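J.: with the sequence up front, the predicted model follows.
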Amino acid sequence: MSEPIRFFLDGTEVEAAPGETIWQVAQRHGVEIPHLCWLPKPGYRADGNCRACMVEIEGERVLAASCIRRPIPGMKVQAASERAKVSRQMVFELLIGDQPERAAAHDPDSRLWQWADALDVSDSRFPRRAQPAPDRSHPAMAVQLDACIHCNLCVRACREVQVNDVIGMAGRGHGEKIVFDFDDPMGRSTCVACGECVQACPTGALMPASLVDQNGAYCNAPDRQVESVCPYCGVGCQLTYHIKDDHIVAVEGKDGPANHNRLCVKGRFGFDYVHHPDRLTEPLIRKDGVGKDDVAIDPANPLTHFRVASWDEALDRAAAGLKRIRDRDGRYALAGFGSAKGSNEEAYLFQKLVRTGFGSNNVDHCTRLCHASSVAALMEGIGSGAVTAPFTAAADAEVIIIIGARPTENHPVAATFFKQATKRGAKLFVMDPRGQVMARYATKMLKFKPGRDVALLNALLHTIVEEGLYDRQYVQAHTDDFEKLREHVRDYAPEKMAEICGIDTATLREVARTYARAKSAIIFWGMGISQHVHGTDNARCLIALALVTGQVGRPGTGLHPLRGQNNVQGASDVALIPMFYPDYQSVEDPNIRAKFEGLWQTSLDPKRGLTVVEIMDAVHAGQIKGMYIMGENPAMSDPDVEHARAALAHLEHLVVQDLFLTETAKYADVVLPASAWPEKDGTVTNTNRQVQMGRTALPMPGDARQDWWIIQELARRIGLGWSYTHPRDVFAEMKQAMPSLNGITWERLQRESSVTYPCDAEDRPGHEIVFGEGFPTKSGRGRFVPAAIVPPAEEPDAEFPMVLTTGRQLEHWHTGAMTRRASVLDEIEPEAVASLAPAELRRLGIGPGGRIRVTTRRGSIELKARADSAVAPGMVFIPFCYAEAPANVLTNPQLDPFGKIPEYKFCAAKVESVGRRAAAE
């Protein structure tokens, strides 16, 4: 039915939209009906099992559960009849009969107790049944099933919202209970600690461990709340901090456009890093006579190598060193690394300082190490470096391709939308050399040979073109150079590529046909695509797949590189990169340069600057002598990291601005204590092109200062007359430089928290799906760029027979500066491990947990071995967040020629047992 349904609610005629329940209509009309097993949040369905929401319907013998009952025309419903009231009171009395006493309740302000108060039910006539023992095996969550009412909300939260399938019901009758996996303790189950069950629980049976003491009693009651955005990955989840005495004691998901209340383990439980005793709280200056060859510095005690300074002395020293080098050696002797973990306003000021104060375009950030090749290919192919559709568009897709990405680990909340899509019936193809959780939901899992992406993707393109499955009308109307592509892919038949990529011919053709024939199909990719010497070619192939089939510009279609850090999209948009001004306007175009010279009132460098790895090479070459690094940790994140560390040590003057004495800050001449994300106001832009507002929740510790203020003070001291008073002033200037911010104002973001760009007007929503009518290229058309097979820069051989690949873990982020100092996250994953196939461990004579040495042509590290059947034989995976075993000692610094991104995902390695080698020696 599409027409509204008219019925009577408490004697008043009302209308229900098709599909609405009685409860939803009542709620819309201000009629409060108790509910426990129904959570009116996105992703949840009503279950009707708690019977708290019973209403009386005229002509029916029994009461009806309003959360699942839909009205029919003319129905007469009494939401507050005496019979309904008595029924509800009895339900709550029965439930309270099995609850801990209110004074000892795990959550005395739970929804159960709130409704009991509203119904004037304070105690129970019924005897209390035997209660299960508490489970405190998990560091993040307390399981206290003496408060459980079997509403099943946690089951639906786990199975249907987050789609993790850990929680279920076991037993029968009075023995029925909630269980994790096969009735395992929560801490030893497959729970990924997203905390959705905790947020859904209406009784306190599942609680954040930070809000109950060891006896299960409620503690740390928050005294205020602040809404903001998660500071970790590019998903951009909105959240609410729960704060007591200026400490974050819990975090709850908020209904933002990217997360709809969902969070992952980092977003929900990874926030006490801001209160860690290692926080820098005073400016530091390197002691006289203390060289940079000794960096065995305890971050908790930097005063062995540094001395405390006032802000004036530290800023004067920092600025004087930079100014001295610029004036003596010229503008190309300085460089800056900014941060994708700060705000748009901070990133904008940082790049402006380098361009107008240092005088060159030698400015970059971590996008060079994650998606630079993706952006290069997108700019070349469709004229935009951003996604064409949000990841929530998976809900409208018939076919989803995930390649070179592990969303359950790196973008867990985005992964929930992909998993839900498969439950709805979408076909999912996962392509990755390593197995992964998403394979459980996939139609096909293509575990191709590492580094052979182009062979696989060209085989798909060959099938689509040669079998006439491409969209002729779309290709003719919206693309250029199709004939070049057609001629190129003739040599890439699946029969020839199967042996190269390791995927059989039939599967290659099946995937190509399914994708091409779908009414709507979308491609998601990650750094498994981009972090190769052929990363740009990989992305070119993906763009060609979308263009040749017309799978772009419509609901459920598009190209989406899943961005890594919380503001890597925004930092790139505001030009924290060496070849563009804000909004990807070329620094080499004289007309564009003249516009920015007018805006910034100074002459600008006409040459593109150096990228991250090129800057380190220039330090070794004696060209760059001074650097300013804000919130970036190249001493952990750069490839061949010993080369990067030697460069940092070689610098004449290094200024580092950060939260902690990071591995990079240990090489600094001046260290400036910065502000953590919960301590600042500012905007960030997520992978979906959603500009979102972060709000100050906490005071800064000690004498730490706002990052924008620090940048401005340095700018003033090197001769720039800046006078910003608040991040909103910076945002106002950004709007003058960036047409992408049209329709978005600071005031609107304060009011709405999130606005998607492009946006036509201040009173209209932004466009989630773009390029339906063409592309922002000179011709308005997309461009096919054929890609040939380029082998990895370094292949396994007799000396180094294995393939090393690196990446992130679910629990830790980037170089670990924040998450290794978040107590829950570090307790879950406390030490460095290398993952190998069980068969590989047996071949090497190594047991799980055994010590191994991994060696490449650049160095060696020692760490523990972990058996992981997802890793193919001949491969080893190491996360790069552990300072005690830095994976980037091993990685290859060879660059993609277009995106200038290093080859993190492939290098030749060997693995040895530490014990066996020691015995031999």
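T.: Received it, and whenever you're ready, just let me know what you need.
J.: show me what contacts the nearest residue to Glu467 once chain neighbours are set aside?
T.: The shortest distance from Glu467 to any non-neighbouring residue, by CB to CB, 6 or more residues apart in numbering, is to Arg513 (7.3 Å). To be clear about C-beta, it is placed using only N, CA and C from the backbone, and glycine gets the same treatment. By CB atoms under 8 Å, 6 or more residues apart in numbering, the residues touching Arg513 are Thr463, Ile464, Glu467, Leu469.
J.: and the residues you listed as TSV, adding distance to Gly780?
T.: Listed next are the contacts of Arg513 as TSV, based on distance: CB to CB, whole Å:
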residue	distance to Gly780
Thr463	29
Ile464	24
Glu467	29
Leu469	25
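J.: buried among the residues you listed? Make that a ChimeraX selection.
T.: This is the ChimeraX syntax for the buried subset of the contacts of Arg513, where burial follows 16 or more other CB atoms under 10 Å:
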select :463,464
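J.: now, the contacts of Arg513 that are in strands?
T.: Of these, none are assigned to strands by DSSP state E.
J.: restricted to helices, list the contacts of Arg513.
T.: Thr463, Ile464 (DSSP state H).
J.: which of the contacts of Arg513 sits closest to Pro407?
T.: Using CB to CB, Ile464 comes nearest to Pro407 of those, at 25.1 Å.
J.: just put the contacts of Arg513 in JSON lines and tack on distance to Val212 and pLDDT.
T.: Shown next, in JSON lines, are the contacts of Arg513 (distance: CB to CB, whole Å; pLDDT from 0 to 100):
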{"residue": "Thr463", "distance to Val212": "57", "pLDDT": "98"}
{"residue": "Ile464", "distance to Val212": "56", "pLDDT": "98"}
{"residue": "Glu467", "distance to Val212": "61", "pLDDT": "97"}
{"residue": "Leu469", "distance to Val212": "58", "pLDDT": "98"}
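J.: closest to Ser675 out of the contacts of Arg513?
T.: Ile464 (50.1 Å).
J.: show me the contacts for the residue nearest to the closest one when sequence neighbours are not counted.
T.: Spatial nearest neighbour of Ile464, excluding adjacent residues (CB to CB, 6+ apart): Ala516 at 4.7 Å. Ala516 makes contacts with Thr463, Ile464, Leu469, Tyr470, Thr549, as judged by CB under 8 Å, 6+ apart.
J.: phi and psi next, for Ala516.
T.: With angles defined as degrees, to the nearest 10, Ala516 sits at phi -70, psi -40.
J.: Gly622 now?
T.: The phi/psi pair for Gly622 (degrees, to the nearest 10) is phi 80, psi 10.
J.: before we move on, what about Ile523?
T.: phi -120, psi 130.
J.: ok, what's across the strand from it?
T.: Beta-bridge partners recorded for Ile523 (DSSP bridges): Ile401, Leu559.
J.: and the pLDDT for the spatially most central residue of the chain?
T.: In the chain, the residue lying closest to the centroid (CA atoms, centre = their mean) is Cys233, at 2.2 Å. As predicted, Cys233 sits at a pLDDT of 93.
J.: got the contact list for the nearest residue to Met527 once chain neighbours are set aside?
T.: Excluding its sequence neighbours, the residue lying closest to Met527 (CB to CB, 6+ apart) is Cys370, at 5.4 Å. Counting by CB under 8 Å, 6+ apart, Cys370 makes contact with Met527, Ser530, Gln531, Arg563, Gly564, Gln565, Val568, Ile901.
J.: lowest-confidence entry in the residues you listed?
T.: Gly564 (84).
J.: from Glu903, how far off is the nearest residue to it once chain neighbours are set aside?
T.: Spatial nearest neighbour of Gly564, chain neighbours left out: Cys370 (4.4 Å); criterion: CB to CB, 6+ apart. Note on Cys370: its distance to Glu903, by CB to CB, to the nearest Å, is 13 Å.
J.: helices along the stretch 801-921 of the chain, start to end?
T.: 823-828, 838-844, 914-920 (DSSP state H, counting those that start in this stretch).
J.: point out the most buried one among the ones you listed.
T.: Across the helices of the stretch 801-921 of the chain, averaging neighbours per residue (mean count of other CB atoms under 10 Å) puts helix 823-828 on top, at a mean of 20.
J.: residues making contact with it?
T.: By CB under 8 Å, 6+ apart, helix 823-828 touches 139-140, 193, 209, 265-266, 269-270, 272, 811-812, 819-820.
J.: determine the longest helix present in this protein.
T.: When the chain is parsed with DSSP H, its longest helix is helix 311-329.
J.: go through stretch 131-151 and flag the buried ones.
T.: 134-136, 138, 140-151.
J.: which of these lies closest to Phe350?
T.: Ala140 (34.4 Å).
J.: ok, that closest one to Asp826 distance?
T.: Distance, Ala140 to Asp826, by CB to CB: 12 Å.
J.: can you give me the strands for the stretch 551-700 of the chain?
T.: 558-561, 580-581, 585-586, 626-630, 653-658, 670-673, 682-685, 690-694 (DSSP state E, counting those that start in this stretch).
J.: point out the most buried one among the ones you listed.
T.: strand 682-685 (a mean of 28).
J.: in its sheet, what does that strand sit against?
T.: Assessed with DSSP bridges, strand 682-685 is paired to strand 690-694 (antiparallel).
J.: where in this protein is pLDDT low?
T.: In the predicted model of the chain, residues 1, 916-921 satisfy pLDDT under 70.
J.: which parts of the longest strand seen in it are buried?
T.: Longest strand in the chain by number of residues (criterion: DSSP E): strand 859-867. Under the neighbour-count criterion of 16+ other CB under 10 Å, strand 859-867 has Gly859, Ile861, Leu863, Lys864, Ala865, Arg866, Ala867 buried.
J.: gap between the two ends of stretch 822-836?
T.: 27 Å (CA to CA, to the nearest Å).
J.: kindly report the same for stretch 784-799.
T.: This stretch, stretch 784-799, spans 40 Å end to end (CA to CA).
J.: name the residues of that stretch that are buried.
T.: Buried residues in stretch 784-799, defined by neighbour count with 16+ other CB under 10 Å: Phe784, Val785, Pro786, Ala787, Ile789, Val790, Pro792, Ala793, Glu794, Pro796.
J.: ok, now which ones touch the third one?
T.: Listed by CB under 8 Å, 6+ apart, the contact partners of Pro786 are Lys484, Leu485, His488, Val489, Arg540, Ala544.
J.: could you do the fifth one as well?
T.: With contact taken as CB under 8 Å, 6+ apart, Ile789 is in contact with Arg452, Val454, Ala455, Asn458, Ile500, His534.
J.: now, those residues that are in helices?
T.: Val454, Ala455, Asn458, Ile500.
J.: ok, the residues you listed vs Pro639, which is closest?
T.: Val454 (21.1 Å).
J.: in the stretch 451-600 of the chain, which spans are helices?
T.: 453-466, 472-478, 482-489, 494-501, 505-517, 527-530, 535-549, 568-573, 590-600.
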